[in-house]
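[1] how would this look folded up:
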Amino acid sequence: MVLKNKRGLSALEFYHNGRKLRKDMTNWLLRDFGVRDKIRIEKRPGEEPDKISEVYPEWLISHLREKILQILHNMMMNIIAANTIFPLSTDELTLRRRYQTGAIINCQQLIQEIEYCDDVLPQELKKFEPYYEAIDYEIKLLKGWRKANSKIAEKIKEKTEKK
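    Next up, the predicted model:
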């Protein structure tokens, strides 16, 4: 038995982390990005105080939610597609790499959408921090997985040279 802190990454860490990222971000979206309607009170001399509610536009929340959910969906589909290909030829290896690159692109797209949320939603930047970190970690895992293709490429090259 190997102690947990001495273990290396699992072969499918990119997959498990991607699923966790998707779940966590979906939960964040279910809470409407943590945006709450603001209520302020205006007091005028000689009048009763007025409660003024500033409601965040539902169409914007809905739009951002749909975009992020679609990118998360695409990221997982790219990961699954790449993982289902066990390359036996350079063409299959190229296709697998294309899907891996697609998943990395999706992560970059997620970062851009979160930055847009930061620009338009009344949130503090630290609220977005965990998502930035999780996406950066996923990118690191995906790039490591993609880099491992070079070992497979060597094996394919050896097999084709033997023929």
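[2] what pLDDT does the residue nearest to residue 108 when sequence neighbours are not counted get?
    Residue nearest to residue 108 in three dimensions, not counting chain neighbours: residue 139, with 7.5 Å by Cβ to Cβ, 6 or more residues apart in numbering. No exception for glycine: its C-beta is placed from N, CA and C like everyone else's. Per-residue pLDDT puts residue 139 at 97.
[3] and residue 139, that one's in a strand?
    No - counting by DSSP: H, G, I helix; E, B strand; the rest coil, residue 139 falls outside a strand, being helix.
[4] what about the residue nearest to residue 72 when sequence neighbours are not counted, neighbour count?
    Leaving aside its sequence neighbours, residue 72 sits nearest to residue 22 (Cβ to Cβ, 6+ apart; 4.6 Å). Neighbourhood size, residue 22 [other Cβ atoms under 10 Å]: 20.
[5] can you give me the helices in the chain?
    For the chain, the helices defined by DSSP state H occupy 13-30, 58-84, 90-120, 129-147, 149-162.
[6] out of these, flag the one nearest residue 44.
    helix 58-84 (30.0 Å; Cβ to Cβ).
[7] by contact count, what packs against the closest one?
    helix 13-30, helix 90-120 (3 or more Cβ pairs under 8 Å, 6 or more residues apart in numbering; DSSP states H and E).
[8] OK, contacts around the residue nearest to residue 72?
    Applying Cβ atoms under 8 Å, 6 or more residues apart in numbering to residue 22 gives the contacts 72-73, 75-76.
[9] could you pick out the buried ones from those residues?
    Buried members of the contacts of residue 22, scored by 16 or more other Cβ atoms under 10 Å, are 72, 75-76.
[10] need these in a markdown table (columns: distance to residue 105 and pLDDT).
    Formatted as a markdown table, these follow (distance: Cβ to Cβ, whole Å; pLDDT from 0 to 100):
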| residue | distance to residue 105 | pLDDT |
| --- | --- | --- |
| 72 | 13 | 98 |
| 75 | 9 | 98 |
| 76 | 13 | 97 |
